[in-house]
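Colleague: Sequence and predicted model, in that order:
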Amino acid sequence: MGQTISEKIISNHVGKKVYAGELVVTEVDGVMATDTTAPLAIKAFKEMGGQKVFDPNKFALIIDHAAPSPNERIANLHKLMRDFTREQNSQLFEIGEGICHQVMVEKEYVKPGYIFIGADSHTPTYGALNAFACGVGSTDLAAVMMTGKIWLKTPQTIKIQCNGILQKGVTAKDLILFLVGKITVSGATYQAIEFCGEAFEGLSLSSRMTIANMSSEMGAKTGIVHPNGLQLDYNYDAIIPDEDASYIKTFEFDISDLEPQISAPESPDNVHNISNYEGTKVDYAFIGTCCNGRLEDLDVAAKILKGKKIHQDTRLIIAPASQSVLLDGISNGSITTLIEAGASLITSGCGPCVGTHQGVPADGEVVISAANRNFRGRMGNPNSNIYLGAPSTVAASALEGKITNPKKYL
Amino acid sequence: MSERITTKIKATCHVYGDHIDTDRIIPGKYTKTLDLSTLADHVLEDLDPNFANIVQKGDILVAGTNFGCGSSREQAPLALKKSGVAAVIAQDFARIFFRNAINIGLPVLEIGNHNIKKGSEIELDLREGLVIDHTANIEYKATKLPDIMLAILSDGGLVPYLKKHNNYSI
């Protein structure tokens, strides 16, 4: 009987063929936590009797959610993380080095075929790399740190086939927003997603990460982009599904006519064509996050804003996904272009996406954001409204001071 | 099954709707702490600002579909547990919340379509997976937990489970 990508990766790890529904205890190839989840994980690790992490080279902590520390309470949690990684001879990625998911991919902590467990809900981002990656909470993570293993139910898989090629000016973010709107925020709960078809084949690794990242917004356990067309700096053995693999559901879309998409407050699946919201006044625009803070995102924003100034009643915050993205954006001029256009550059990291610091919106303000979540209160103020869109849409909207279709600028 | 999972809980319930996300359960700005009692002060703050004041130890939270969607923050079930909530019943749960709740020893039960009203007197039998609504006189059967989850829950959570077994056993 044929297998899905998830079934194959799990089978490779447990040494026998497994199929959806089977419970396994599997070894993992990598594990990480952030400053939101690591402190509780360290506490649980010690409480459960943990002394040494299973493999110091497969474990990393990243300070990204509130970096640099906004107050003494969080400063002390960061210290706890620094002390722990020092004690364990493991890697700590410091403030400004970047968002966990970006750093794990850049530093090759995760590769095709891996099972990777992260204490962050957007861990499925690594599905862009043909890996099986799941988010967990702190205590589950502590158990992986101690045992090097996790228990999992082999998930059923939803196949999302997208035919056609995106129009000029329409991006991977528009495509994944469209799909989240169709599948809904609970449409893939407990399940894996396989993204396949022509629409994904020409996408860069960065765009594939945007796609896989928002698997979480459909409730998925993991979301894997078919490796057709995936180019990496190293050789790898691609894991592809068998032709007779069994899927719980298959969706098929033709995306050749897709327009830029907007997710309106206050759920990521409240997705509409941008035309429904064009003209909505925006106070605050944000480009960054594990979803859309990569070089191609800064580049498209810079292309739109080159030689122009953002609208006087709008502010634009940019948080590059990593220091490496920041340096590349400095080298190619995008960062200078964005700052000259009026953007404010903040530390590489999660920035205002998690509502802890660095750009909390005021009461009644409207935010256009390149992030992945717009739940009430997400950015720290329950009395603000967050619209999600592509970085191109965010840049065009910052320019005009209202939600704007970016196609005319691209 | 271990003796400790016989827990029968009888309590009044608080009822909320569908898709209660983790930002509503505990906003991100409060999550970065090891002082867990502070989580309880802000539990469900952006959904029902009064909840933290009215919740009583042993109460049950009842919700619709996709409870706990969003972040992986374990602070969400911890905030509920620390506020006194003894169990959460929902039509279904987001997967990370579900695992987190079991891992910290907060019982969670999935019952498909329910019509439990605010203030109803509810009895849970975790061993049998039963939810009895005494007010409406209806009995619901919850989705069975995998054995490993029952074992973790019966040990009081994943920390005591691993302390006892030192590894997973299925």
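Modeller: Yes, it's here.
Colleague: what's the nearest residue to residue A:148 if we skip its chain neighbours?
Modeller: In this structure, residue A:148 finds its nearest non-sequential neighbour in residue A:54, 3.2 Å apart by CB to CB, 6 or more residues apart in numbering or on different chains. Glycine gets a C-beta too; all of them are placed from N, C-alpha and C.
Colleague: same thing with residue A:42?
Modeller: Distances taken as CB to CB, 6+ apart place residue A:84 nearest to residue A:42, at 5.1 Å, with adjacent residues excluded.
Colleague: secondary structure element for the one you found?
Modeller: Counting by DSSP states H and E, the element that carries residue A:84 is helix A:72-88.
Colleague: so what strands line up beside the following helix or strand past that helix?
Modeller: Per DSSP H and E, the first helix or strand lying C-terminal to helix A:72-88 is strand A:91-93. When pairing is defined by DSSP bridges, strand A:91-93 lines up against strand A:59-62 (parallel).
Colleague: tell me what the helix holding residue A:84 is packed against?
Modeller: Counting contacts by 3 or more CB pairs under 8 Å, 6 or more residues apart in numbering or on different chains; DSSP states H and E, helix A:72-88 is packed against helix A:38-47, strand A:59-62, strand A:91-93.
Colleague: ok, now with 7 Å
Modeller: Other helices and strands packing on helix A:72-88, by 3 or more CB pairs under 7 Å, 6 or more residues apart in numbering or on different chains; DSSP states H and E, are helix A:38-47, strand A:91-93.
Colleague: How far does the shortest one sit from its chain's centre?
Modeller: Spelled out, that is strand A:91-93. Between the centre of strand A:91-93 and the centre of its chain there are 19 Å (CA atoms, centre = their mean, to the nearest Å).
Colleague: Give the other helices and strands that the helix or strand following it contacts.
Modeller: Once strand A:91-93 ends, the next helix or strand along the chain (criterion: DSSP H and E) is helix A:100-106. Applying 3+ CB pairs under 7 Å, 6+ apart, we find helix A:100-106 packed against strand A:30-34.
Colleague: quick one: the residue nearest to residue A:148 from chain B, how far?
Modeller: Distance of residue A:54 to chain B, computed by CB to the nearest CB, to the nearest Å: 11 Å.
Colleague: Can you report how many residues lie near that residue?
Modeller: When neighbours are defined as other CB atoms under 10 Å in any protein chain shown, residue A:54 has 16 of them.
Colleague: repeat for residue A:265
Modeller: Other residues near residue A:265 number 16, with proximity taken as other CB under 10 Å.
Colleague: leaving aside the residues next to it on the chain, what's closest to it?
Modeller: Nearest residue to residue A:265, sequence neighbours excluded (CB to CB, 6+ apart): residue A:385, at 4.4 Å.
Colleague: near chain B, which residues of the stretch 251-400 of chain A show up?
Modeller: When proximity is defined by CB under 7 Å from any CB of the partner chain, the stretch 251-400 of chain A lies next to chain B at A:267, A:354-356, A:373, A:375-378, A:380, A:382.
Colleague: ok, which pair from those residues is furthest apart?
Modeller: Farthest apart among these by CB to CB are A:267 and A:356. That separation is 21.2 Å.
Colleague: and these two? which has more neighbours close in?
Modeller: residue A:356 (26 against 21).
Colleague: Touching, the more buried one and residue B:30? I think so.
Modeller: No - the pair formed by residue A:356 and residue B:30 falls short of the contact definition of CB atoms under 7 Å, at 9.2 Å.
Colleague: Do I have it right that residue A:69 meets residue A:80?
Modeller: No - Residue A:69 is not in contact with residue A:80 according to CB under 7 Å; the separation is 11.6 Å.
Colleague: now the residue lying closest to residue A:108 once chain neighbours are set aside: how far from chain B?
Modeller: Among residues not flanking residue A:108 along the chain, residue A:234 sits closest, at 7.8 Å (CB to CB, 6+ apart). Distance of residue A:234 to chain B, given as CB to the nearest CB: 29 Å.
Colleague: Pull the number of nearby residues for residue B:161.
Modeller: What residue B:161 shows, counting by other CB under 10 Å, is a neighbour count of 25.
Colleague: Please apply the same query to residue A:278.
Modeller: Using other CB under 10 Å, residue A:278 is surrounded by 15 other residues.
Colleague: give the contact list for it.
Modeller: For residue A:278, the contacting residues are A:403-405, by CB atoms under 7 Å, 6 or more residues apart in numbering or on different chains.
Colleague: same check, this time on residue B:122
Modeller: The neighbours of residue B:122, taking CB under 7 Å, 6+ apart as the test, are B:11, B:13, B:60, B:116, B:131-133.
Colleague: Alright, that wraps it up for me.
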